[in-house]
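mind folding the following:
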Amino acid sequence: DNAVAVSNRLDLIKQHIDPHLPDRSLSVEGIARHHKVTARTVQKLFEAEGTTFSEHVLERRLNAAWDRLRAQDGRADKISDIAYEVGFGDLSYFNRAFRRRFGMTPRQARLQT
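Residues are numbered from 1 along each chain as shown. Have a look, this model is predicted:
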């Protein structure tokens, strides 16, 4: 069934993305090359799910930052270090995206633990 094949391919792509989130050069082109498809194919797979490659990567990075900020063992980590370690290259962008996604600053999220 074609729908199953499409779903399986997207699952494989997502599984490949997660361990590469810290890589700021992560791109749709690189993912496509790795999976031997075109960048447009990768884009279409995400579009069929109602999102984009970039939105998916941003969401996964923000969730990784949230988890790190909320972890008790990560309390000593600087917020900027966490942002860079999950793949953000710009701290201002990280702060804006985090606030838009979670309705609070990274510092506020940390203080809630």
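
give me the contact list for the worst-scoring helix or strand of the chain on mean pLDDT.
Sorting the helices and strands of the chain by mean pLDDT, DSSP states H and E puts helix 2-17 at the bottom, at a mean of 85. Applying Cβ atoms under 8 Å, 6 or more residues apart in numbering, the contact partners of helix 2-17 are 26, 31, 34-35, 37, 42, 45-46, 48-49, 56-57, 60. For glycine as for every other residue, the C-beta is placed from the backbone atoms N, C-alpha and C.

6 Å - rerun?
31, 45 (Cβ atoms under 6 Å, 6 or more residues apart in numbering).

buried set for stretch 9-22?
Buried residues in stretch 9-22, counting neighbours by 16 or more other Cβ atoms under 10 Å, are found at 10, 13-14, 17, 21.

and those, which is closest to Arg101?
Leu21 (15.0 Å; Cβ to Cβ).

so who does that closest one touch?
60-61, 64, 86-87.

so the spatially closest residue to it that is not a sequence neighbour, which state does it fall into?
Closest residue in space to Leu21, ignoring its immediate chain neighbours: Gly87 at 4.7 Å, by Cβ to Cβ, 6 or more residues apart in numbering. Following DSSP: H, G, I helix; E, B strand; the rest coil, we place Gly87 in the coil state.

so Gly87 sits against Arg60, correct?
No: look at Gly87 against Arg60 with Cβ atoms under 6 Å: they stay out of range, at 8.6 Å.
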